[in-house]
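Novice: Sequence isn't available, so here's the structure alone:
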């Protein structure tokens, strides 16, 4: 079963979609964190496909648009990663309020910048028992600066934002990203961690996955790294998508 779910954070409306299994709950619950400039459906519908398959396996999923993205309120130019972390924590609060959800069995899935968000809330929320990072950003300044236009600093200085792939990237975002240390935060958490990365990702280099893997390993902690040979940034091939979703579902069943 799917149903719309709307909630507020800091006075702005967030649009989401809840996927609930058939039968009797309560079930484990998972929130999905989309990537930079993305939305709750994500490219080639990977979040929708994953949420539907998870429901078949007895997992409740909440997909939502961060403020300033998709159909949620707010402007993208005002977006910061810390604001997205706040949205994700609010989404977790909303998820546990659903009668179908077991509040003791919670996970988070994030892709790209949403992977950074997922790592951050998993580190800050003891309620999260399992974090799954798909092509996750570990060092945002390195990833972003590799894609910025040469004159972007001048644009920010003169107008407060710079063009980035047709989006207005604001000064606050650039300042905020310098404060984030997601891999260091996740290193100190107790949750299980699954890291999935494509070898041919030209947006988030595979070294970023290695950073998460190196930081999170310790005796007694459940940590796994899965490398998709030839995989691109969003696992944009049917067999890659199937593998990512299947491995993630297996991991959630094992760790929640």
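Specialist: Arrived safely, thanks for sending. Since this is a predicted model, take the numbers as computed values, not measurements. Numbering: from 1, shown residues only.

Novice: Tell me how far residue 119 lies from residue 148.
Specialist: 23 Å (C-beta to C-beta, to the nearest Å). In this view, the C-beta of every residue, glycine as well, is placed from N, C-alpha and C.

Novice: So for these two, which residue has more residues nearby?
Specialist: Higher neighbour count among residue 119 and residue 148: residue 119, with 34 against 16, using other C-beta atoms under 10 Å.

Novice: Need the pLDDT of that one.
Specialist: Model confidence at residue 119, given as pLDDT, is 98.

Novice: likewise residue 149?
Specialist: For residue 149, pLDDT reads 88.

Novice: measure stretch 229-241 end to end?
Specialist: Start-to-end span of stretch 229-241 (C-alpha to C-alpha, to the nearest Å) is 12 Å.

Novice: Give me the buried positions along that stretch.
Specialist: 231, 232, 233, 234, 235, 240, 241 (16 or more other C-beta atoms under 10 Å).

Novice: What count of nearby residues applies to the nearest residue to the first one once chain neighbours are set aside?
Specialist: Spelled out, that is residue 231. Spatial nearest neighbour of residue 231, chain neighbours left out: residue 198 (2.5 Å); criterion: C-beta to C-beta, 6 or more residues apart in numbering. A count of nearby residues for residue 198, using other C-beta under 10 Å, gives 25.

Novice: list the contacts for residue 198?
Specialist: Going by C-beta atoms under 8 Å, 6 or more residues apart in numbering, residue 198 touches 135, 206, 227, 228, 230, 231, 232, 233, 235, 240.

Novice: Dump the residues you listed to TSV, plus distance to residue 110.
Specialist: Formatted as TSV, these follow (distance: C-beta to C-beta, whole Å):
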residue	distance to residue 110
135	9
206	17
227	18
228	16
230	22
231	17
232	17
233	13
235	14
240	17
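
Novice: This completes my enquiry, with thanks.
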